[in-house]
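> Quick one, structure for this:
(chains A and B)
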Number of protein chains: 2
Amino acid sequence: MIEILVNGARPTDVEQAVAAGDRGLHYGDGLFETMLLANGQVRFLGDHLQRLADGCARLALPMPDPDLLRGEIRQLAAAADQGVIKLLVTRGVGGRGYAPVEEMHATRIVALYAAPQQARVAVTAGWCRVRLGRNALLAGMKHLNRLEQVLAQMEQTAAGVDEGLLLDTEGELISAISSNVFLVRNGTLLTPDLRFCGVRGIMRGQVIRAAVELGIATCEQPLRPEHFEDADEVFITNAVRGVRSVAALDAYRWEVGTVSMRLRTHLRV
Amino acid sequence: MIEILVNGARPTDVEQAVAAGDRGLHYGDGLFETMLLANGQVRFLGDHLQRLADGCARLALPMPDPDLLRGEIRQLAAAADQGVIKLLVTRGVGGRGYAPVEEMHATRIVALYAAPQQARVAVTAGWCRVRLGRNALLAGMKHLNRLEQVLAQMEQTAAGVDEGLLLDTEGELISAISSNVFLVRNGTLLTPDLRFCGVRGIMRGQVIRAAVELGIATCEQPLRPEHFEDADEVFITNAVRGVRSVAALDAYRWEVGTVSMRLRTHLRV
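Numbering: from 1, shown residues only, chains lettered A, B, ... in the order given. Below you'll find the predicted structure:
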């Protein structure tokens, strides 16, 4: 961590910075965004703040003033030219028990991290045994309840692949652990609809928008592992790492395809 | 909050007590226990520490030394005769991203809260629209991913019943928001098996053990709302509030029954 603001202030000690009663800590009662800082600019900042606002509305969580958030993000962005900015917003400090107290004040944490290593254009993937539970109530949001991802990540690290792919408990394909997934079949882009779980990634949204602009048919639909069988091209997307092709999954092998290259060029990622 | 220890030390400022990078905050990557302090004694402390150890094993989370935890709990318990002690254990401070860093040191937070108002013997219940997602991987544990409970609690507060009952996404009865639920039918005790979701409550375990000692047949099995139709008696259990009878749910009315009274006497709750 290079720099951090907690509720707008630089903590004296980053090891003692957050309230012991914060509901983010007690219940994962909050949301986060992970943003790419490139050449001094936070990419897709408007999209990130919009997703945050949507999540706050769904959780009835008091959204901090977006201008305040923009100011704090800009303040951190000024400390580096390249990097990753993580924003956490929680429901704030509560008492004991699940019920929020009367006047909740959201907690804002904005942290600047070093830029990631240059993302490779192509990665290897493998299946995680960890399955994602289904709950339409929480689907799509980038909330702080991430134990499934933590367990999946440990599994992926042990397996030695670049990216772990996740199914839900009913066997539908959802995503990689921190990326969305796209398949290209006969020139059409396919991606899981995420109606029951998964995160609606910012780069996923950008890719779908770009595909429309480029005249590439795009379907959000239920997908299963069998769909990889006749995929011409597979790629994953993430706001920080952009668009990366999947080169291998089990016995399947794919080249870096033309559709992902067109999208990458169009989006400058 | 009356008193708190964070990793064994009293924080100078409870509003700045926890590391900004704690994985409990970022991912809900941890577990908790809520314990009753009565007459200077922490009730069922051994059971609580055992459940914590089981959860740590399932999450591959480094369990703090139980003697250390006992010492910190005793230290807080010495500050009051009655109260509630909440223990949080998280995977500690990590970097950015889901992967735990090499040497994780669990974070320990032990907090003493005021005693709850004297629990009523009988409560009213209502159904929450919020459903619990199913994931056997996380079922039974008292982990920190509690957004579903937060949303359900807001609903219950708005509905004005004492206790909100929860179904899972497939329509099975799971529990109340922070209590387990039991039905008595023809002298037999029925309780949800919690194979897909819910928390295996300490008082739930005590009740099942007590029922065996009292010769009351007990079945852990899938239950549905229809099972309330021919229930002779319904009660809920929780480590802090003990055993409470459900007096009303929709059009159903129940008296405080003999089975719950026998269990209450046997367990001294």
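> which element is A:I208 on?
Secondary structure assignment for A:I208, by DSSP states H and E: helix A:202-213.
> Buried by neighbour count: which residues of the next helix-or-strand element following that helix qualify?
Next in sequence after helix A:202-213, counting helices and strands by DSSP H and E, comes strand A:218-221. For strand A:218-221, burial by neighbour count (16 or more other CB atoms under 10 Å in any protein chain shown) applies to A:T218. Every residue, glycine included, has its C-beta placed from N, CA and C.
> For strand A:218-221, which strands pair with it and how are they oriented?
strand A:188-192 (parallel) (DSSP bridges).
> Export only the CA atoms of the partner strand, formatted as PDB.
Output in PDB follows, covering the C-alpha atoms of strand A:188-192 (Å, rounded to 0.1, in the frame of the first residue of the first chain):
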ATOM      1  CA  THR A 188     -20.700 -14.300 -31.500                       C
ATOM      2  CA  LEU A 189     -19.600 -13.200 -28.100                       C
ATOM      3  CA  LEU A 190     -21.000 -15.300 -25.200                       C
ATOM      4  CA  THR A 191     -20.800 -14.400 -21.500                       C
ATOM      5  CA  PRO A 192     -22.600 -15.700 -18.400                       C
END
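> now the helix holding A:I208: how far from the chain's centre is it?
Centroid displacement of helix A:202-213 relative to its chain, using CA atoms, centre = their mean, to the nearest Å, is 15 Å.
> tilt between it and strand A:188-192?
150 degrees (axes from the mean of the first three to the mean of the last three CA atoms, to 10 degrees).
> For helix A:202-213, which outside residues touch it?
Contact with helix A:202-213 is made by A:33, A:44, A:47-48, A:51, A:179-180, A:182, A:189, A:191, A:217-218, A:220, A:237-239, A:242-243, A:263, A:266-267, A:269, as judged by CB atoms under 8 Å, 6 or more residues apart in numbering or on different chains.
> Could you do stretch A:160-167 as well?
With CB under 8 Å, 6+ apart, stretch A:160-167 has contacts from A:120, A:123-128, A:130-132, A:148, A:152-153, A:155-156, A:173-177, A:179, A:181, A:198, A:225, A:236, A:246, A:249.
> Let's see that with 6 Å instead.
A:123-128, A:131-132, A:152, A:156, A:173-177 (CB atoms under 6 Å, 6 or more residues apart in numbering or on different chains).
> Lowest-confidence one in the residues you listed?
Across the contacts of stretch A:160-167, the bottom pLDDT score, 89, is held by A:Q156.
> can I assume it sits in a strand?
No. With DSSP: H, G, I helix; E, B strand; the rest coil as the criterion, A:Q156 is located in helix rather than a strand.
> List of residues touching the one helix or strand A:Q50 maps to?
A:Q50 is located in helix A:45-59, with elements delineated by DSSP H and E. Applying CB under 6 Å, 6+ apart, the contact partners of helix A:45-59 are A:31, A:33, A:35, A:63, A:66, A:141, A:202.
> Narrow those residues to those that are buried.
Here, 16+ other CB under 10 Å leaves A:31, A:33, A:35, A:63, A:141, A:202 buried among the contacts of helix A:45-59.
> Buried only: go through the contacts of stretch A:160-167 for me.
Buried among the contacts of stretch A:160-167 by 16+ other CB under 10 Å: A:123, A:125-128, A:131-132, A:152, A:156, A:173-177.
> In JSON lines: those residues, plus secondary structure and distance to B:R209.
Supplementary listing: the buried ones among the contacts of stretch A:160-167 in JSON lines, determined by DSSP: H, G, I helix; E, B strand; the rest coil; distance: CB to CB, whole Å:
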{"residue": "A:V123", "secondary structure": "strand", "distance to B:R209": "51"}
{"residue": "A:A125", "secondary structure": "strand", "distance to B:R209": "47"}
{"residue": "A:G126", "secondary structure": "strand", "distance to B:R209": "43"}
{"residue": "A:W127", "secondary structure": "strand", "distance to B:R209": "40"}
{"residue": "A:C128", "secondary structure": "strand", "distance to B:R209": "37"}
{"residue": "A:R131", "secondary structure": "strand", "distance to B:R209": "32"}
{"residue": "A:L132", "secondary structure": "strand", "distance to B:R209": "34"}
{"residue": "A:A152", "secondary structure": "helix", "distance to B:R209": "35"}
{"residue": "A:Q156", "secondary structure": "helix", "distance to B:R209": "40"}
{"residue": "A:L173", "secondary structure": "strand", "distance to B:R209": "43"}
{"residue": "A:I174", "secondary structure": "strand", "distance to B:R209": "39"}
{"residue": "A:S175", "secondary structure": "strand", "distance to B:R209": "42"}
{"residue": "A:A176", "secondary structure": "strand", "distance to B:R209": "44"}
{"residue": "A:I177", "secondary structure": "coil", "distance to B:R209": "40"}
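> which SS class is the residue of the stretch 151-269 of chain A found nearest chain B?
Per CB to the nearest CB, A:Q153 is where the stretch 151-269 of chain A lies closest to chain B, at 3.7 Å. Of the three states, A:Q153 takes helix under three-state DSSP.
> Now do the contacts for it.
Neighbours of A:Q153 in contact, by CB under 6 Å, 6+ apart: A:177, B:98-99.
> same thing with A:V259?
A:184, A:233.
> Secondary structure element holding it?
Counting by DSSP H and E, A:V259 is part of helix A:258-267.
> roughly how far is that helix from the heart of the chain?
On CA atoms, centre = their mean, the centre of helix A:258-267 falls 20 Å from the chain's centre.
> if you average pLDDT over it, what comes out?
96.
> what comes up buried for that helix?
A:259-260, A:263-264, A:266-267.
> which stretches of chain A aren't confidently modelled?
Nowhere does chain A drop to pLDDT under 70.
> Quick one: name the residues of it near chain B.
Residues of chain A lying close to chain B (CB under 6 Å from any CB of the partner chain) are A:4, A:14-20, A:24-25, A:27-29, A:96, A:98-99, A:113, A:133-135, A:143-147, A:149-150, A:153, A:157, A:169.
> from the residues you listed, which ones fall inside helices?
A:24-25, A:27, A:147, A:149-150, A:153, A:157 (DSSP state H).
> Please check the residues you listed and keep the buried ones.
A:24-25, A:27, A:147, A:149-150, A:153.
> any idea which of the buried ones among the contacts of helix A:45-59 is closest to B:D230?
A:M141 (39.8 Å; CB to CB).
> Which residue is the nearest non-sequential neighbour of the closest one?
Spatially, and ignoring its direct neighbours in sequence, A:M141 is nearest to A:G55 (4.5 Å; CB to CB, 6 or more residues apart in numbering or on different chains).
> what comes into contact with the helix or strand hosting A:L69?
For A:L69, the host element (DSSP H and E) is helix A:66-77. Contacts to helix A:66-77, defined as CB under 6 Å, 6+ apart, come from residues A:3, A:5, A:8, A:37, A:42, A:49, A:85, A:110, A:112.
> Report the buried residues of that helix.
For helix A:66-77, burial by neighbour count (16+ other CB under 10 Å) applies to A:69, A:72-73, A:76-77.
> and the residue most central in space within chain A, what is it in contact with?
Against the mean C-alpha coordinate of chain A, by CA atoms, centre = their mean, the closest residue is A:G201 at 5.0 Å. Under the criterion of CB under 6 Å, 6+ apart, the neighbours of A:G201 are A:180, A:237.
> repeat that for 7 Å
A:180, A:237-239 (CB atoms under 7 Å, 6 or more residues apart in numbering or on different chains).
> Just the buried ones from those residues, in ChimeraX syntax?
Buried subset of the contacts of A:G201, written as a ChimeraX selection, criterion 16+ other CB under 10 Å:
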select /A:180,237,238,239
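> Without its sequence neighbours, what residue ends up closest to A:P116?
Per CB to CB, 6+ apart, closest to A:P116 is A:V240, 6.0 Å.
> Now do the same contact list for that neighbour.
A:V240 neighbours (CB under 7 Å, 6+ apart): A:34, A:36, A:84, A:116.
> Give me the phi and psi angles of the last one.
Here is the backbone geometry of A:P116 (degrees, to the nearest 10): phi -70, psi 160.
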